[in-house]
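*Asks:* based on what follows, work out the 3D shape:
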Amino acid sequence: MVRSRELAVSANEEFSQVKDDAQRIEKLVGGIAGACSEQATALEQVSRALAEIEQGVQSGAATAEEAAGAAQEMRAQASRVHHEMVLLRRVVLGGQDTSPAAAAEAAAAEPVQAPAAVRPSAPSPRGAGARGGKHFVG
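*Replies:* Okay, here's the model as predicted:
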């Protein structure tokens, strides 16, 4: 009977040890689960931040493209204004401006065509333009 009692005490100690080991494993698994949850949250935040950065980059690229188009249109408009000024000078001076600057302007006065998407419409057939049909005679 002593032997049975020793076996029972030994078995009880072993079960107690197994119970303690199971509790430690449960705590470790809980810690791992918590760490995985934190990592998932952090990855979600990184993903959102990257999406915001991408949106900002795309917005910046669109703005830069619009600015480049506007700059190109402004260059074309400046060239057309310069060409019109040369023509106006010729009309006002009656073609008598023979200065070297006038000759250089006349040579360089070819207007630059605006891109098709922003090119102004053609003038009216009578050439009235914005003056309501009144013409100036030079």
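*Asks:* for the chain, give me the ranges with low pLDDT.
*Replies:* In the predicted model, the chain carries pLDDT under 70 at residues 95-138.
*Asks:* in it, which spans are helices?
*Replies:* 2-93, 100-108 (DSSP state H).
*Asks:* switch those helices over to a markdown table; also include mean neighbour count.
*Replies:* All C-beta spots, glycine's among them, are computed from the backbone N, C-alpha and C. Listed next are the helices of the chain as a markdown table, based on neighbours: other C-beta atoms under 10 Å:
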| stretch | mean neighbour count |
| --- | --- |
| helix 2-93 | 11 |
| helix 100-108 | 12 |
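*Asks:* list the contacts for Leu88?
*Replies:* By C-beta atoms under 8 Å, 6 or more residues apart in numbering, no residues touch Leu88.
*Asks:* can you offset everything so residue one is 687?
*Replies:* Sure thing, new numbering starts at 687, so read that last one as Leu774.
*Asks:* ok, so what distance separates it from His768?
*Replies:* Separation of Leu774 from His768 (C-beta to C-beta, to the nearest Å) stands at 11 Å.
*Asks:* also Gly720?
*Replies:* 72 Å.
*Asks:* Gly742 now?
*Replies:* 39 Å.
*Asks:* what of Glu759?
*Replies:* For Glu759, the distance to His768 - C-beta to C-beta - is 15 Å.
*Asks:* likewise for Ala756?
*Replies:* Counting by C-beta to C-beta, the gap from Ala756 to His768 is 19 Å.
*Asks:* and what of Gln709?
*Replies:* 88 Å.
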